[in-house]
Each structure stands twice: as C-alpha cells, then as structure tokens.
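Novice: dropping the sequence and predicted coords here.
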Amino acid sequence: MHCYSPSCLFLVAMFWIVVSYYLYTPFPDTAKEPWKQSLTTAMFKLFGILSSAGETLQIDSATNISRKLMSGIATSMYAGNPNVQVEKLIFDGVDVILCRPANKQGKLPGLVYFHGGGWVFLNTDSYRPLTDALCESTEAVVVSVEYRLAPENIYPAAFDDCVKSVIFFLQNAVKYNVDMNKIGIAGDSVGGNLAMAVALKLSNDPNLSALPRLAVQGLIYPPLQFFNFRLPSYIEHGQGPSLLTSKLMAFFALSYMLGNATYIPHLLINNHTSRSLKHSDYSHYVSHELLPKEFQSTLDEDDVRLDFGDEALSAEIEDILLDPYFAPLMATDAEIKKLPPACIVSAEIDPLRDDSFLAAKRMAMNGIWVRHDHYPGYGHGFFAQIGFYEQSLPAVISFCKCLLEKMNS
Ligand SMILES: *[C@@H]1O[C@H](CO)[C@@H](O)[C@H](O)[C@H]1NC(C)=O
Ligand SMILES: *[C@@H]1O[C@H](CO)[C@@H](O)[C@H](O)[C@H]1NC(C)=O
Ligand SMILES: *[C@@H]1O[C@H](CO)[C@@H](O)[C@H](O)[C@H]1NC(C)=O
Ligand SMILES: *[C@@H]1O[C@H](CO)[C@@H](O)[C@H](O)[C@H]1NC(C)=O
C-alpha cells in the first residue's frame, strides 16, 4: 500500500502526532540525557499498548506479548562481543549462560549474575549485552542465571534457582578454572533483590557454612522491601517519568509473592501492613528516618501515618512480606552483620532509590564494607542500557572495579 496523496500523508502525520503526544513524558531539568530517557519511557509505554491490544485480539496474554517484545528488541540489537566466549550449561537443574574472557588463561575470579525484569520479564539471552560487558570488564567468569519467572512460578522459585546455581558454582569452581575464594554475586533491579537474598542465605544458613564465603555482593537499584511504599523516592518518582512506577513495582512484587496483582491499591497506600506491624522492628528496618535528611523533607503527615491497615490482608501475606529471602531489608541486624562486602549502585529518578540508601545505611551500621555509587539525573534501568546512555558503560566499569577490589582482597 502506498501513501502519496496529501490526505493520506496528513492522516499518517496526525497519527504520529497523537502517538508521540500520548507516549512522550518529559523529564525534569536536572535529568541527564533527557531525550533518551523520554524515548526509553515511550518505548516502554508502546510495549504496554501493543501488549494490551494483542491480548484484546486474543493473540496471547499481555504478559507473554510484552516478554516477546522486550526480549526480541534486546536480542535483535546485539551482535555479540568478540572478547568473550559464551556457552549454555545446566547448573544443578538450572539453565545458565557461562561467559569467559576470550584471551585469559589460568584461574579467574567468578561472578554469578541475576538479570532484572520484575521477576516477570526478560531472560539471560536478552541480558547478553550487559553480562558480556561485565565478563569483559572484570575478566572474570560470569554465570548468568535463567531463574524461573512469575506469575507462573511464585516465590521461592526464582530465589531457589539462584541459590542452587550459586552453590553449584562454588562447589564446582575448579572444573571451570575459577578461584572459589574469589566468587561474587550481583544483579540489577529484581536481580539485586535476588543477589542480596542469596547472600543472606549463604552467610546465615548453618547448613551452608562449609561453602567458600562469597567475596562480594553487587546490588544495582534493587527493590529490597515491600513493606513501605511511602518512602520519599516512591512519592517523588513513583508516578514516573522513569519506566518504573510505584504501581508497576507493586505489580511485580505481587506477581512474585502471590501470582496475581489483586492487592496493588492496598500496597500503594501501605494498607497491606497492620497497625501492629507498622509499630514493629520491621517498620524500623525500612524507616524514612534512616534516610538522608534532605529526602525526608518531602514527606507529609499522611505518608508516615501508623494508625491504619487491613488486618486480614496483613495476616494473609505477612509470612512472605517479612521473609528476608523475599525482602532482604527484613533481615535482622544480626543477619546483616554476616553479609559479604557490598557494591551498591542507585539512580535518582527511581522509586527504588531509597531502598539502596536504606541497604547502604543498615550495612554500614552493622560493620559491613559498602561502596555506594549514586547516579543523579538517571532513571531506573540506565545501567543495563549499555551503548544507549553515555553514562552506562562508565557506570558498569566503575562497578566492576568495586567488585574486583573485593574479589582480590
Ligand atoms: C505464557 O505462555 C506460556 C506458553 O504458552 C504459558 O504456559 C503461560 O501460562 C503464559 N503466561 C502468561 C502469564 O500468560
Ligand atoms: C538443615 O538441614 C537439615 C537436614 O536436612 C534440615 O532439617 C534443616 O531444616 C536445615 N536448616 C535450615 C536452616 O535450612
Ligand atoms: C490471588 O492470590 C491469592 C493468594 O494466593 C488468592 O487468595 C486470590 O484468590 C487470587 N486472586 C485472583 C483474582 O486470582
Ligand atoms: C484499608 O483496607 C480496609 C479493608 O479493606 C478498608 O476498610 C480501609 O478503608 C483501607 N484503608 C484505606 C486508608 O484505604
């Protein structure tokens, strides 16, 4: 079909103006690389629209269509990296991609990596651009884990897969020519949640005490708690403009927790925790009072109210909500004290900004070595978008330096 007539061109132009207007989200003046960030958010919104349309047309579920769109775009734009060799393996029943620097001989350090995507989206193939870059930059053997996704597989499926693959790698390090005393774990977004959860498990479970100690944990803008959705960063950045909104985060948390998102409205106003939980130690573990003073000033009275909560819902979900392997900031100080050193990365325009600040604070309070690199002006997801944002690769390289410093000490 051709469109040369003025009326046809006019219709096409109108269509694009309407679409751009609908998809365009301005970023604040302080944002870095703002038009690229707007483009990322627009692309994300477009995927949402196409997925719902596809579901309406009964092509597949919106979730499955989004999965294909996201992975398809990521893998089709990647040509590979000549400086690394990858192979697909199975570690104790879990699919992994193992990446080795091409020209490195001898025993190397190792890094197990957990990808992001809200526990619902993306996979190890679509993360090749990042995991290959981590492999090249650290000159370590990188293992990228294909953990099972929600909502089909709810907690603890993804966590169990991650634990299994790390234990297998620690026990079989010699076979892969990896120094078992120089193995770290890391992940971005929910991958960071899984990394800290695995670190807690390996350092606290007496049954695993015979394993070599993890050298480092790398946490990149992770969600670490689902107790308090009224932290300053949720309030400031939860409506966008970055692609991760409070609502989407609540959707991800519930998909992983229960396999459906019925309770989103409760989470967004903290109605999912009872009054007594709001007065418990758990509440103190994630209190706004642990954050820098300048963040706290954005809160109003309603954000810090403790006198309400749906008791029945709270009782229904409390076992998982307070489980540190689901929400690592629910760990006690005694558990935090046993963690390996941490390299933390956070972004400013991100509802999860404060989870990183809370983790850094609680670890430092408990004597854990922490380096926290905060990136003002960037949104959730910037780190993994190598080759798109100017800041992504420098951030990756700086993160790798931090990991290596701890692997080699
Ligand atoms: C996605 O597709 C697979 C395979 O057809 C199916 O088993 C699964 O239930 C679907 N998931 C969702 C969330 O629709
Ligand atoms: C340790 O292993 C024993 C025996 O398999 C089991 O009963 C126990 O629950 C395990 N402990 C933990 C903390 O998982
Ligand atoms: C959502 O999950 C909860 C907990 O498993 C269950 O009680 C509820 O019926 C589910 N709701 C829907 C709409 O599937
Ligand atoms: C919390 O949930 C309860 C029970 O569903 C409801 O009655 C109450 O209005 C909710 N609280 C708020 C602040 O919306």
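Specialist: Good, I have the coordinates. Residues are numbered from 1 along each chain as shown. Ligands and ions are numbered 1, 2, ... in the order given.

Novice: C-alpha from now on. contacts and neighbour counts both.
Specialist: OK.

Novice: state the distance from V19 to A261.
Specialist: Here V19 is placed at a distance of 28 Å from A261 (Cα to Cα, to the nearest Å).

Novice: tell me which of those two has more neighbours.
Specialist: Using other Cα atoms under 10 Å, the more surrounded residue of V19 and A261 is A261, with 17 against 13.

Novice: helices along the stretch 251-400 of the chain, start to end?
Specialist: Ranges of helices in the stretch 251-400 of the chain, per DSSP state H, counting those that start in this stretch, are 264-268, 275-278, 281-285, 293-296, 311-321, 333-336, 353-365, 392-407.

Novice: C-alpha coordinates for the second one, CSV please?
Specialist: What it means is helix 275-278. C-alpha atoms of helix 275-278 as CSV (Å, rounded to 0.1, in the frame of the first residue of the first chain):
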residue,chain,number,x,y,z
ARG,A,275,-1.2,-1.3,62.7
SER,A,276,0.9,-3.6,64.9
LEU,A,277,3.3,-4.3,62.0
LYS,A,278,3.6,-0.6,61.4
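
Novice: that older thread, now render the helices of the stretch 251-400 of the chain as JSON lines, adding mean neighbour count and distance to N207.
Specialist: Shown next, in JSON lines, are these (neighbours: other Cα atoms under 10 Å; distance: least, Cα to Cα, whole Å):
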{"stretch": "helix 264-268", "mean neighbour count": "19", "distance to N207": "35"}
{"stretch": "helix 275-278", "mean neighbour count": "18", "distance to N207": "30"}
{"stretch": "helix 281-285", "mean neighbour count": "16", "distance to N207": "26"}
{"stretch": "helix 293-296", "mean neighbour count": "12", "distance to N207": "40"}
{"stretch": "helix 311-321", "mean neighbour count": "15", "distance to N207": "22"}
{"stretch": "helix 333-336", "mean neighbour count": "16", "distance to N207": "15"}
{"stretch": "helix 353-365", "mean neighbour count": "22", "distance to N207": "24"}
{"stretch": "helix 392-407", "mean neighbour count": "19", "distance to N207": "24"}
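
Novice: L224: which of the ones you listed is closest?
Specialist: Between L224 and the helices of the stretch 251-400 of the chain, the tightest spacing by Cα to Cα is seen for helix 353-365, at 5.9 Å.

Novice: contacts for the closest one?
Specialist: Outside helix 353-365, the residues that touch it by Cα atoms under 8 Å, 6 or more residues apart in numbering are 221-225, 231-233, 285-286, 290-291, 329, 333, 336-337, 344-347, 369-372.

Novice: mind listing which of those are in strands?
Specialist: Of those, the ones assigned to strands by DSSP state E are 344-347, 370-372.

Novice: who wins for neighbours among these?
Specialist: S346 (29 neighbours).

Novice: let me see the contact set for that one.
Specialist: Neighbouring residues of S346 by Cα under 8 Å, 6+ apart: 220-221, 353, 356, 372-375.

Novice: with A197 instead?
Specialist: Counting by Cα under 8 Å, 6+ apart, the residues that A197 touches are 159, 324-328.

Novice: okay, the residues you listed in CSV with pLDDT next?
Specialist: Converted to CSV, the contacts of A197 look like this (pLDDT from 0 to 100):
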residue, pLDDT
F159, 99
P324, 98
Y325, 98
F326, 99
A327, 98
P328, 98
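
Novice: still on that earlier bit, between the contacts of S346, which is nearest ligand 4?
Specialist: Among those, R353 lies closest to ligand 4 (Cα to the nearest ligand atom), at 24.8 Å.

Novice: the closest one and S246, how far apart?
Specialist: 12 Å.

Novice: now the nearest residue to L393 once chain neighbours are set aside: phi and psi?
Specialist: Closest residue to L393 apart from its sequence neighbours, by Cα to Cα, 6 or more residues apart in numbering: I386 at 5.7 Å. With angles defined as degrees, to the nearest 10, I386 sits at phi -60, psi 140.

Novice: get me the contact residues on this structure for ligand 4.
Specialist: By the criterion of Cα under 6 Å from any ligand atom, the positions of the chain lying close to ligand 4 are 271, 309-310.

Novice: PyMOL command for the buried members of those?
Specialist: Those of the residues of the chain next to ligand 4 that count as buried under 16 or more other Cα atoms under 10 Å are selected in PyMOL with:
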select buried, resi 271+309
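
Novice: okay, the residues of the chain next to ligand 4 in JSON lines with pLDDT next?
Specialist: Shown next, in JSON lines, are those (pLDDT from 0 to 100):
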{"residue": "N271", "pLDDT": "97"}
{"residue": "G309", "pLDDT": "97"}
{"residue": "D310", "pLDDT": "97"}
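
Novice: and whichever residue of the stretch 101-250 of the chain sits closest to ligand 3, what does it touch?
Specialist: Nearest residue of the stretch 101-250 of the chain to ligand 3 (Cα to the nearest ligand atom) works out as I154 at 9.8 Å. With contacts taken as Cα under 8 Å, 6+ apart, I154 has the following neighbours: 255-259.

Novice: about what we covered before: max pairwise distance over the ones in strands among the contacts of helix 353-365: which two?
Specialist: Farthest-apart pair in the ones in strands among the contacts of helix 353-365 is A347 and V370; separation 16.6 Å (Cα to Cα).

Novice: distance of T131 from V142?
Specialist: Here the criterion is Cα to Cα. By it, T131 lies 7 Å from V142.

Novice: same check, this time on F251
Specialist: 30 Å.

Novice: can you check G187 too?
Specialist: From G187 to V142 the distance is 12 Å (Cα to Cα).

Novice: residues shared between the contacts of the two?
Specialist: Jointly contacting G187 and V142 under the rule Cα under 8 Å, 6+ apart are Y113.

Novice: those two - which one has more neighbours?
Specialist: A direct count of neighbours by other Cα under 10 Å for G187 and V142 places V142 higher, at 28 against 24.

Novice: in contact with that one, which residues?
Specialist: With contacts defined as Cα under 8 Å, 6+ apart, V142 is in contact with 98-100, 110-113, 131-132, 134-135.
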